[in-house]
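Trainee: For reference, the sequence and a predicted model appear below.
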Amino acid sequence: LTTIAVRNVPEAWELPDFLSFSCFGLQLCLRVPLHISSEDALGYAIVNMANQMVAQQFMTQIQGVRLRNQKKFLVTEWCRNLQGLEVLVERYCNSKLMHPNTSDKLRPMVFQQGMHMTSPVPTKSVSAPKLRAVHL
């Protein structure tokens, strides 16, 4: 197991906010899903680590952390539906998030030895995501 779901991610969080965690350099893939129109976080993140030991360390490090100005604590669990870098790349490679007109903020990030890598190129034509009204 290497893929973790992080729950209770604040709306204002984005991918760079995970950079503050010390074991980030060992991460392979990260996605903080954002609402396409508002670009607010949807409350969770998907993180894939290099191996199970590093993933367990990451879970231990952020489990129960209460972020500044937040009421909820971060909660970690093994991702049930998606496990491993290859599965994540396959899942998102041809998704609407990879459309050329989609903001980079909305796309998953892939890292190798701490260096941001270019996202995999879609293997088929992808349509643009539909923008929906944000109800406040």
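Mentor: That came through, no problem. Residues are numbered from 1 along each chain as shown.
Trainee: going forward, measure contacts and count neighbours with C-alpha atoms only.
Mentor: OK.
Trainee: Next up, the contacts around residue 81.
Mentor: With contact set as Cα atoms under 8 Å, 6 or more residues apart in numbering, residue 81 has no partners.
Trainee: Surely it forms part of a strand?
Mentor: No. The assignment for residue 81, made by DSSP: H, G, I helix; E, B strand; the rest coil, is coil rather than a strand.
Trainee: Could you measure from it over to residue 1?
Mentor: 11 Å (Cα to Cα, to the nearest Å).
Trainee: And residue 127, by the same measure?
Mentor: The value you get for residue 127 to residue 1, if Cα to Cα is used, is 32 Å.
Trainee: between those two, which one's more packed in?
Mentor: For residue 127 and residue 1, the more surrounded residue by other Cα atoms under 10 Å is residue 1, and the numbers stand at 17 against 14.
Trainee: residues near the closest residue to that one other than its chain neighbours, how many?
Mentor: Distances taken as Cα to Cα, 6 or more residues apart in numbering put residue 52 closest to residue 1, at 5.4 Å, once the chain neighbours are dropped. By the criterion of other Cα under 10 Å, residue 52 has 13 neighbours.
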